[in-house]
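J.: Got a predicted structure here, sequence first:
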Amino acid sequence: MALFLNEHDVEQLLDLKSCMGPLEQAIREQGKKIATNKPRQILQTPKAGLSVLPGAVPGLGSLGYKTYTVAPDGVRFWLLLFKEDGELHCLMEAEHIGLIRTGAASGIATKYMSREDSKVVGILGTGYQSPTQLEAVCSVRKIEKVLAYSRTREKLLEFCAGMTKRLGIPVEPADSVETVVRNSDILNTVTSSPEPVVNGAWLKEGTHVNLVGAMKKSSREIDTLTIQRSDFIAVDDWVQSHDESGEFIKATQEGYLGWHRIQELSDIVASEGSRRPSAASISLFKSHGIGLWDIAAASVVYERAKERGLGVDLPITQEAKPLRRGHSDLVRQWAK
């Protein structure tokens, strides 16, 4: 029988610590061509948009997809999780999953791409995603200080006070974006700006950058110079980045970047890709958010829900139907 978990259940069951290991496993399996991710699919109607992010992680025994709708009254997130044999495991509300897996992915990228001696983290933007971004980075590096900047001073001071208490290290408000960028060993950008906020001339040698904010091909958080100076660049899904990464799309159109320079994070984690060329290299990770991450996080949620007896059983009794000829052809195609 399938299980239903609401957002409150999911929040009790998933945190960064519990997500990091399974997500790293899923990303490694992706690099070894065991786990599968498919780029985001988007359907638009006059009244709403529907996005679907599929993924499968055999090592966690799960496959499924996250879907969300965007309409004038807001956004709704859902996730369907199946066993490897196609039986429905769980239907869950999935906003919290998106928050946690995005932060965890930045932590994993930082672990594999940044200098091990990084001490100062900078963060641009202090909104919904920012706390988990900092928490994840601080879990993989011995960070001594955080510099933060936001356009709203009151929110910035509130964020710094809260995160200082949460992380146990100083989180200091900066007076400008430039101050943050120039003094950071690791930089996380979590802004909604359509135009670049980071000037590549400000980056010091050896900096690692996690780009999390810009999600449309028309938006950019960094300028072209930042990309020109970066010699270690990764994305979560190479195909999806062609449709969603405004920074890379513009740089390639202008002739400053070739897609061959960009590798997937999964190849780096699985040791199939290149490594940081030198301590002075500037590294760059562009996070779009992919279904593979959602399925890894949802697998953690489901297993913990069973252990703790959370959720509501759904009266779904559908059994697998006998294969017809068309279905058999599909099975043979998948088996190739």
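T.: Structure received.

J.: Tell me how this structure divides into domains.
T.: For the chain, automatic domain parsing gives the domain ranges 3-98+291-335, 115-286.

J.: right, so these: which one is the most enclosed?
T.: Sort the domains of the chain by mean neighbour count, taking mean count of other CB atoms under 10 Å, and domain 115-286 sits at the top with a mean of 19. C-beta: built from backbone N, CA, C; applies to glycine.

J.: For the domains of the chain, could you give me a markdown table that also reports mean pLDDT and distance to residue 104?
T.: A markdown table is the format used below for the domains of the chain (pLDDT from 0 to 100; distance: least, CB to CB, whole Å):
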| stretch | mean pLDDT | distance to residue 104 |
| --- | --- | --- |
| domain 3-98+291-335 | 91 | 5 |
| domain 115-286 | 95 | 6 |
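
J.: out of those, nearest to residue 108?
T.: Counting by CB to CB, residue 108 lies closest to domain 3-98+291-335 out of the domains of the chain; the figure is 5.2 Å.

J.: ranges for the helices of the stretch 1-150 of the chain?
T.: 7-13, 16-31, 95-113, 130-140 (DSSP state H, counting those that start in this stretch).

J.: Nearest approach to residue 180 belongs to which of those helices?
T.: Nearest of the helices of the stretch 1-150 of the chain (CB to CB): helix 130-140, 12.5 Å.

J.: That closest one vs helix 16-31, what angle?
T.: 80 degrees (axes from the mean of the first three to the mean of the last three CA atoms, to 10 degrees).

J.: so what secondary structure elements neighbour helix 130-140?
T.: The contact analysis (3 or more CB pairs under 8 Å, 6 or more residues apart in numbering; DSSP states H and E) places helix 130-140 against helix 16-31, helix 95-113, strand 120-124, strand 145-149, helix 153-167, strand 186-189.

J.: Pipe those into JSON lines and attach distance to residue 251 per row.
T.: Shown next, in JSON lines, are the helices and strands packed on helix 130-140 (distance: least, CB to CB, whole Å):
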{"stretch": "helix 16-31", "distance to residue 251": "24"}
{"stretch": "helix 95-113", "distance to residue 251": "19"}
{"stretch": "strand 120-124", "distance to residue 251": "20"}
{"stretch": "strand 145-149", "distance to residue 251": "24"}
{"stretch": "helix 153-167", "distance to residue 251": "30"}
{"stretch": "strand 186-189", "distance to residue 251": "16"}
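
J.: Out of the ones you listed, which is closest to residue 39?
T.: Per CB to CB, nearest to residue 39 of the helices and strands packed on helix 130-140: helix 16-31, 12.9 Å.

J.: Now tell me what touches the closest one from outside.
T.: Residues from elsewhere that reach helix 16-31 (CB atoms under 8 Å, 6 or more residues apart in numbering): 35-37, 55, 57-60, 100-101, 103-105, 107-108, 132, 135-136, 139, 264-273, 292-293, 295-297, 299-300, 304.

J.: need the contact list for the closest residue to residue 214 other than its chain neighbours.
T.: Excluding the flanking residues, the one nearest residue 214 by CB to CB, 6 or more residues apart in numbering is residue 221, at 4.7 Å. By CB under 8 Å, 6+ apart, the residues touching residue 221 are 124, 189, 191, 193, 196-198, 211, 213-214, 247.

J.: one more time with 6 Å
T.: Taking CB atoms under 6 Å, 6 or more residues apart in numbering, we find residue 221 in contact with 189, 191, 197, 211, 213-214.

J.: and the contacts of helix 16-31, which of them are in strands?
T.: The strands, defined by DSSP state E, take in 36-37, 55, 57, 264 from the contacts of helix 16-31.

J.: Distance to residue 283 for the residues you listed - can I get that in TSV?
T.: Putting the ones in strands among the contacts of helix 16-31 into TSV (distance: CB to CB, whole Å) gives the following:
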residue	distance to residue 283
36	26
37	22
55	25
57	26
264	14
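
J.: Mind picking the two most distant members of those residues?
T.: Of all pairs drawn from those, the widest gap by CB to CB lies between 57 and 264 and measures 15.5 Å.

J.: can you tell me how far the residue nearest to the spatial centre of the chain sits from residue 33?
T.: Nearest residue to the geometric centre of the chain (CA atoms, centre = their mean): residue 102, 3.2 Å. Distance of residue 102 to residue 33, computed by CB to CB, to the nearest Å: 24 Å.

J.: Endpoint to endpoint, stretch 183-196 covers what distance?
T.: End-to-end distance for stretch 183-196: 18 Å, by CA to CA, to the nearest Å.

J.: distance between it and the chain's centre?
T.: 15 Å (CA atoms, centre = their mean, to the nearest Å).

J.: Could you do stretch 159-171 as well?
T.: The answer for stretch 159-171 is 23 Å, by CA atoms, centre = their mean.

J.: Right, I'll leave it there.
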